[in-house]
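Novice: Sequence and computational prediction follow.
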Amino acid sequence: MVKSTFIYKNFKIKQKHKNSIILIGNFDGVHIGHRKLFDLAKRYKKKFQLNIGVLTFEPMPKMFFNKKIKNFRISNLDQKRHLLKNLSVDFMINKKFDKKFSKIKSLNFVKNIIYKKLNAKFVFVSNNFRYGNKREGNVSQLISLEKKYGYKIIKSEPKIIKKKIISSSLIRNLLQKGFLEKANKYLKRNWSIIGKVEKGRQIGKKIGFPTCNLDIKDYILAKPGVYAVKVKIDKSNSFIKGIANLGYRPTFNQKKLLLEVHLFNFSGNLYNKYLTVEFLKFIRKEKKFKNAEQLKKQIKSDLLIAKKA
């Protein structure tokens, strides 16, 4: 059984969590590149008998600085917590990233946070880690302050597959281009969206394929189109297979970005319930049909593919 991870919203951590291993980053998606870093941290945990803590930020700094970025996340905060819990993380600091925090000088970040508030023993960062006002701090600065503040910087070499560095940016790009299976491989799981079922226009029901409508919030917009999926309702442990359309429903001039899910062999009211939608296979890109009958014909063809996924 995996023990729960303690969550902090600021740097006022318990004494037992000081003198720990601290990993700093967004860890969006918690992919195999991140897992390489966590595997190394677990070896240090065992050798030095220390706790592992993660310092991450909400919203992600890139979304804070560029308000035009709407759809960006691979995973939401709850998914990140769950994934980190399974990587032997003992506690997580989810710091609110706001204007005040963004103005902290890099030297003050090291002195007042890493040293005074966390009293970190080992600090794990990526080679390109930047911090502080205007991203003035870098790994070289962190290393230069090791002796002064009593920590040790640990850099992990990036995970490289076929000359490509596995990163959150790479996975976002794969999802946007419809290379779902490769993205899932690098995530080491099926990419998924968690959302609340909303009342929709009930167009699917009218044409014989009732759907659940989910607002994808700030999740990355994968390539608009039709996907084979499997779905978990609320906190159930079982999945129901289905088919989903991610996009704008051009046949019906829908302007709002929406995830619509049709569940196989299911009947019941799912309004206001939370669904976890795992994406298994990209079937086809979104297309505008001349009329509802053409769309129905295409959906029947899509269903055959989805049921085999």
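Specialist: It's in.
Novice: next structured bit after the helix or strand of the chain with the lowest mean pLDDT?
Specialist: The helix or strand of the chain with the poorest confidence is helix 203-206; it has a mean of 58 (mean pLDDT, DSSP states H and E). The element immediately downstream of helix 203-206 (helix or strand, assigned by DSSP states H and E) is strand 212-214.
Novice: what's that next one in contact with?
Specialist: With CB atoms under 8 Å, 6 or more residues apart in numbering as the test, strand 212-214 has contacts from 193, 195-200, 258-263, 270, 275, 277. (Glycine included, C-beta is placed from N, CA and C.)
Novice: Now with 10 Å, please.
Specialist: If you take CB atoms under 10 Å, 6 or more residues apart in numbering as the criterion, strand 212-214 is touched by 193-204, 231, 233, 242, 244, 246, 256, 258-263, 266, 270-271, 273-275, 277.
Novice: Show me which residues of that strand are buried.
Specialist: By neighbour count on 16 or more other CB atoms under 10 Å, the buried set for strand 212-214 is C212, N213, L214.
Novice: what do you get for stretch 280-290?
Specialist: L280, K281, F282, I283.
Novice: Now find how far off-centre that stretch is within its chain.
Specialist: With CA atoms, centre = their mean, to the nearest Å as the basis, stretch 280-290 stands 24 Å off its chain's centre.
Novice: Checking S301 next. Helix, strand or coil?
Specialist: Three-state call for S301 (DSSP: H, G, I helix; E, B strand; the rest coil): helix.
Novice: and it, how far is that from I74?
Specialist: Relative to I74, S301 is positioned 30 Å away (CB to CB, to the nearest Å).
Novice: more neighbours, the two?
Specialist: Applying other CB atoms under 10 Å to S301 and I74 shows that I74 carries more neighbours, namely 25 against 12.
Novice: Could you list the low-pLDDT ranges of the chain?
Specialist: Counting by pLDDT under 70, the chain has low-confidence residues at 1-3, 201-208, 250-255.
Novice: Do a quick rundown of the helices in the stretch 201-309 of the chain.
Specialist: 203-206, 292-308 (DSSP state H, counting those that start in this stretch).
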